[in-house]
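Undergrad: requesting a structural model of the entry that follows:
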Amino acid sequence: MVQIEVEPSLAERARELSARHATTDTRELIALAVRSLYAGRIAVVSSFGAESAILLHLVAEVDKSVPVLFVDTDKLFGETLRYRDRLVDRLGLTDVRTLAPDPARIAGADPMGSLWLQNSDLCCQIRKVEPLARGLAGFDAWISGRKRYQSAARATIPLFEADGRRLKINPLAAWGPEQLVSYAAKHDLPEHPLVAQGYPSIGCMPCTDPVQPGEDARSGRWRGLDKTECGIHLAGRIKTEEREGSGI
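TA: Model (predicted):
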């Protein structure tokens, strides 16, 4: 796998922006990124999962036409696909792009659809990381909905971070469960139907379990494996179009 070094100048810019906007209102931060810092060159990446409505609502209030990238791995819960459609209609999002795995890659590496049982990292790579890499080609920055409270691995994520040659913005990094619930209630945002069934974090159906009281919000993801992320948020995994080639 080709790894891309983080550009020192971009890393420094990320640190500078994080420090400068540490107390900036979340909506103002998104507006700054969308309208000024990366106007026309930024996308939102959304799983349309448990807490996705909050970020998408904030973005829609700034600009409903901002591209929203959604990766359909072909292993998602049906509830997630229906929730996506409901949110798109409710928020009036006008440029939601559904990204899919390369059929040739699936045919060669996962013809039976059971790769997740033998090699979950490779399954995530071909079903999530690669489609998103293609979808992000042409963008200089992207917005993520990650939050520090979700797991120990995410406890120190900054507002801005260098991700290869792109800047990644985490406007909800400091938000906690109470703030998310309050915002959703204030704006009457629909809840993902699986949340009520014990799924505070929702990914692919085979690799997502309900969470028990007291566990991290993401503890139901890849339960029993030494794995906490699909790969799209690991440094160097999202490659630029020039470096992808056909054998990504």
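Undergrad: show me where the chain has helices.
TA: Here the chain has its helices, by DSSP state H, at 8-20, 26-32, 52-62, 78-91, 103-109, 115-118, 120-124, 130-136, 177-186, 241-244.
Undergrad: let's have these in JSON lines, adding distance to Val71 and mean pLDDT.
TA: Using the backbone N, CA and C atoms, a C-beta is placed for each residue, glycine as well. Formatted as JSON lines, the helices of the chain follow (distance: least, Cβ to Cβ, whole Å; pLDDT from 0 to 100):
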{"stretch": "helix 8-20", "distance to Val71": "24", "mean pLDDT": "92"}
{"stretch": "helix 26-32", "distance to Val71": "21", "mean pLDDT": "98"}
{"stretch": "helix 52-62", "distance to Val71": "13", "mean pLDDT": "98"}
{"stretch": "helix 78-91", "distance to Val71": "11", "mean pLDDT": "98"}
{"stretch": "helix 103-109", "distance to Val71": "14", "mean pLDDT": "97"}
{"stretch": "helix 115-118", "distance to Val71": "15", "mean pLDDT": "95"}
{"stretch": "helix 120-124", "distance to Val71": "10", "mean pLDDT": "94"}
{"stretch": "helix 130-136", "distance to Val71": "5", "mean pLDDT": "96"}
{"stretch": "helix 177-186", "distance to Val71": "22", "mean pLDDT": "96"}
{"stretch": "helix 241-244", "distance to Val71": "15", "mean pLDDT": "38"}
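Undergrad: using a markdown table, lay out those together with distance to Phe160 and mean neighbour count.
TA: Output for the helices of the chain, formatted as a markdown table (distance: least, Cβ to Cβ, whole Å; neighbours: other Cβ atoms under 10 Å):
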| stretch | distance to Phe160 | mean neighbour count |
| --- | --- | --- |
| helix 8-20 | 4 | 14 |
| helix 26-32 | 9 | 18 |
| helix 52-62 | 15 | 21 |
| helix 78-91 | 24 | 17 |
| helix 103-109 | 32 | 13 |
| helix 115-118 | 33 | 15 |
| helix 120-124 | 25 | 20 |
| helix 130-136 | 16 | 22 |
| helix 177-186 | 20 | 13 |
| helix 241-244 | 22 | 12 |
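Undergrad: Gln150 is nearest to which of the ones you listed?
TA: helix 177-186 (9.5 Å; Cβ to Cβ).
Undergrad: measure how far that closest one is from the centre of its chain, please.
TA: The chain centroid and the centroid of helix 177-186 are separated by 19 Å, computed with Cα atoms, centre = their mean, to the nearest Å.
Undergrad: for it, C-alpha coordinates in PDB please.
TA: Extracted in PDB, the C-alpha atoms of helix 177-186 (Å, rounded to 0.1, in the frame of the first residue of the first chain):
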ATOM      1  CA  PRO A 177     -23.300  13.200  24.100                       C
ATOM      2  CA  GLU A 178     -25.400  15.700  26.000                       C
ATOM      3  CA  GLN A 179     -24.700  18.500  23.500                       C
ATOM      4  CA  LEU A 180     -25.500  16.200  20.600                       C
ATOM      5  CA  VAL A 181     -28.800  15.100  22.100                       C
ATOM      6  CA  SER A 182     -29.700  18.700  23.000                       C
ATOM      7  CA  TYR A 183     -28.900  19.900  19.500                       C
ATOM      8  CA  ALA A 184     -30.900  17.100  17.800                       C
ATOM      9  CA  ALA A 185     -33.900  17.800  20.000                       C
ATOM     10  CA  LYS A 186     -33.800  21.500  19.500                       C
END
